[in-house]
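Trainee: Pasting a predicted model and its sequence here:
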Amino acid sequence: MSTEITVLDRLLEISELFQKDMARAFDGTPLSAARVRLLWDLQHEGPSTQQALATRLGVSPRNITGLVDALEAGGFVTRSPHPTDRRATIVSLAASARRMMERMQREHAEISAELLGAVAPADRPALERGVDAIAARLRALVADDEARRADRAESSA
């Protein structure tokens, strides 16, 4: 029995391949996907409070504390006092991590160009629109499901 391969099957395969490639790239380092995601966020958003990081990354404050603790111990981030809120600290990339993230950005651009090079130039705008539409729809579905779950949890409490 032959099963038709769908677009979703291909998207899942691409996701798995990206995960494998990332795991391979950081094999032998203390960096996990979650830690790299936090570093990537700091690279793009700049120094942040742990609360802002937790919100942007969609994780609990306790989870952020563990991630920042590990990254600080590894020399990837630094903490400094918040200039106006004495209860908060600012998390920043350490100089070595900044250089590493700049290298990662260059590699990201190179792999993006390499992958898009597999698509005919005339087809790229349609591909980008399609991927954007799929991502937007999936975000909406996930948000709707989270809202339903929160409503159910509130109702049963």
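Mentor: Sure thing, it's come through.

Trainee: count of neighbours near the closest residue to Leu38 other than its chain neighbours?
Mentor: Counting by Cβ to Cβ, 6 or more residues apart in numbering, Leu38 lies nearest to Leu67, which is 5.2 Å off, once chain neighbours are set aside. Just so you know, the C-beta spots here come from the backbone N, C-alpha and C atoms, and that holds for glycine as well. Other residues lying near Leu67 total 23 when counted by other Cβ atoms under 10 Å.

Trainee: could you pull out the helices for the protein?
Mentor: If you assign secondary structure with DSSP state H, the helices in the chain sit at 7-25, 33-45, 50-57, 61-73, 95-116, 124-156.

Trainee: Indicate which one of the ones you listed is closest to Arg87.
Mentor: Across the helices of the chain, Arg87 has its closest neighbour in helix 50-57 (9.8 Å, Cβ to Cβ).

Trainee: Okay, buried residues for that closest one please.
Mentor: Neighbour counts using 16 or more other Cβ atoms under 10 Å place 50, 52-54, 56-57 of helix 50-57 among the buried residues.

Trainee: follow-up on the earlier one: can I get the helices of the chain in CSV including distance to Ser80 and mean pLDDT?
Mentor: As requested, the helices of the chain are arranged in CSV below (distance: least, Cβ to Cβ, whole Å; pLDDT from 0 to 100):
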stretch, distance to Ser80, mean pLDDT
helix 7-25, 29, 89
helix 33-45, 13, 93
helix 50-57, 12, 94
helix 61-73, 11, 95
helix 95-116, 14, 90
helix 124-156, 33, 92
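
Trainee: Tell me who's in contact with the spatially most central residue of the chain.
Mentor: Within the chain, one residue has its C-alpha closest to the average C-alpha position: by Cα atoms, centre = their mean, that is Arg37, at 4.2 Å. For Arg37, the residues meeting the contact criterion (Cβ atoms under 8 Å, 6 or more residues apart in numbering) are Leu57.

Trainee: I'd like the distance between it and Thr3.
Mentor: For Arg37, the distance to Thr3 (Cβ to Cβ, to the nearest Å) stands at 33 Å.

Trainee: now swap in Ala23 and tell me
Mentor: Per Cβ to Cβ, Ala23 is found 28 Å from Thr3.
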